[in-house]
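K.L.:
kindly generate the corresponding structure for this input.
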Amino acid sequence: MKNLRIVVLAKQVPDTRNVGKDAMTPEGTVNRAALPAIFNPEDLNALEMALSLKDRTEGSTVHVLTMGPQRAADIIRDAMFRGADGGYLLSGREFAGSDTLATSYALSCALRKISPDIIVAGRQAIDGDTAQVGPQVAEKLGLPQVTYAEQIVEIGESSLVVKRRLEHGTEVVECPVPVVLTANASAAACRPRNARRVMAFKCAMAKSEIAAAPDSEAARRAAAKPALQIVEWAAADVDPDPQQLGLTGSPTKVKKIENVVFQAKEAKRLTASDCDIKELMVELIASHTLG
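P.N.:
Predicted coordinates:
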């Protein structure tokens, strides 16, 4: 197999380890502007899986597709520093407040326009933990899917052999291409940023970023070199049904999030005695933590 068009679905997420009183908007959505933004961890596993596949298949390319505000272009640049060829930023107020259903719909509209051979996504995002977007995208595109992917074991003429990480072991499956893969956290960690690529692509910008600072050196360089231009699409560019976007297309609403901090009084000290160990095992089994 060669000349694969690989797209990684990635998300810039709020760092939910730092949830404060301003984390929610009055409308009940996450106030992303009030929280530090990071590359969703399992999407980095997905990126490495895609880059590894690119390394093993002649003439293949890897692009990142993300949906978010202008600053979400940061993770596309980050991916380019690690080996990606470019990216697509799906941005606009029409997408604001999207739940997993509306998000997967918007992404599937963009993916129809891109027409990739392989789509790789992280298993789930840390701001929702639903693990729904990847499978929903596969369903909307009518593609086979392999979830909990840990490793691409073999590349055939028109198929992939993939190892999956399950609760009590692993499973190896063969799937046809095109396909949607969702990468598990147990998959290989993403390669670090490459210094030469950082220098080469540090001025990569989306059109809204160029327009915001047209006189900057970075904007002039990006405008002059197609390789530094991150594709940016508004809703109209991917021809969606407006009723399925954003809050209008989202049947679920976030009502409240909170940062749970365990207090010392909720902890207990155990000795190495048989009695303490037995009591702990009984408690863990009763709470279904074990078994």
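
K.L.:
okay, now the unreliable bits of the stretch 1-150 of the chain?
P.N.:
Filtered on pLDDT under 70, the stretch 1-150 of the chain yields the residue ranges 16-34.

K.L.:
would you map the helices across the stretch 101-250 of the chain?
P.N.:
133-141, 195-201, 207-212, 217-224 (DSSP state H, counting those that start in this stretch).

K.L.:
residues touching R220, list them.
P.N.:
P214 (C-beta atoms under 8 Å, 6 or more residues apart in numbering). Just so you know, the C-beta spots here come from the backbone N, C-alpha and C atoms, and that holds for glycine as well.

K.L.:
list the strands paired with whichever strand or helix holds L89, with their directions.
P.N.:
L89 is located in strand 86-90, with elements delineated by DSSP states H and E. Counting by DSSP bridges, the strands paired with strand 86-90 are strand 61-67 (parallel), strand 229-233 (parallel).

K.L.:
same list (those) but as TSV, adding distance to Y105 and mean neighbour count.
P.N.:
Shown next, in TSV, are these (distance: least, C-beta to C-beta, whole Å; neighbours: other C-beta atoms under 10 Å):
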stretch	distance to Y105	mean neighbour count
strand 61-67	11	24
strand 229-233	14	20
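
K.L.:
tabulate those strands (JSON lines), appending distance to D78.
P.N.:
What follows is the strands paired with strand 86-90, written out as JSON lines (distance: least, C-beta to C-beta, whole Å):
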{"stretch": "strand 61-67", "distance to D78": "9"}
{"stretch": "strand 229-233", "distance to D78": "12"}
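
K.L.:
and of those, who's closest to S250?
P.N.:
Closest to S250 of the strands paired with strand 86-90 is strand 61-67 (C-beta to C-beta; 13.1 Å).

K.L.:
can you give me the strands for the stretch 151-291 of the chain?
P.N.:
For the stretch 151-291 of the chain, the strands defined by DSSP state E, counting those that start in this stretch occupy 159-166, 169-176, 179-183, 205-206, 229-233.

K.L.:
what are the contacting residues of the last one?
P.N.:
Yep, that's strand 229-233 we're talking about. So strand 229-233 is contacted by 73, 76-77, 86-91, 110, 113, 204-209, 222-223 (C-beta under 8 Å, 6+ apart).

K.L.:
what mean pLDDT does that strand get?
P.N.:
For strand 229-233, mean pLDDT rounds to 95.

K.L.:
quick one, it and helix 217-224 angle?
P.N.:
Orientation of strand 229-233 against helix 217-224 (axes from the mean of the first three to the mean of the last three C-alpha atoms, to 10 degrees) gives an angle of 80 degrees.

K.L.:
can I get strand 229-233 in PDB, CA atoms only?
P.N.:
Provided in PDB are the C-alpha atoms of strand 229-233 (Å, rounded to 0.1, in the frame of the first residue of the first chain):
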ATOM      1  CA  GLN A 229      -0.700  28.000   5.100                       C
ATOM      2  CA  ILE A 230      -3.000  26.000   7.400                       C
ATOM      3  CA  VAL A 231      -6.300  25.400   5.600                       C
ATOM      4  CA  GLU A 232      -9.100  27.100   7.400                       C
ATOM      5  CA  TRP A 233     -12.800  26.300   6.700                       C
END
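
K.L.:
give me the buried subset of the contacts of strand 229-233.
P.N.:
The neighbour-count test (16 or more other C-beta atoms under 10 Å) marks 73, 76-77, 86-91, 110, 204-209, 222-223 as buried among those.

K.L.:
wait, what's in contact with L65?
P.N.:
7-10, 87-88, 90, 107, 110-111, 114.

K.L.:
partner residues bridging it?
P.N.:
Here L65, judged by DSSP bridges, has bridge partners L9, Y88.

K.L.:
stretch 223-231: end-to-end distance?
P.N.:
Stretch 223-231 has its terminal residues 12 Å apart, counting by C-alpha to C-alpha, to the nearest Å.

K.L.:
ok now stretch 67-77, how far from the chain's centre?
P.N.:
12 Å (C-alpha atoms, centre = their mean, to the nearest Å).

K.L.:
again, but for stretch 133-147
P.N.:
14 Å.

K.L.:
now that stretch: buried residues?
P.N.:
133-138, 140-141, 143, 145-147.

K.L.:
tabulate these in CSV, adding columns for distance to D274.
P.N.:
Listed next are the buried residues of stretch 133-147 as CSV, based on distance: C-beta to C-beta, whole Å:
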residue, distance to D274
V133, 47
G134, 45
P135, 45
Q136, 49
V137, 51
A138, 50
K140, 55
L141, 56
L143, 54
Q145, 47
V146, 45
T147, 41
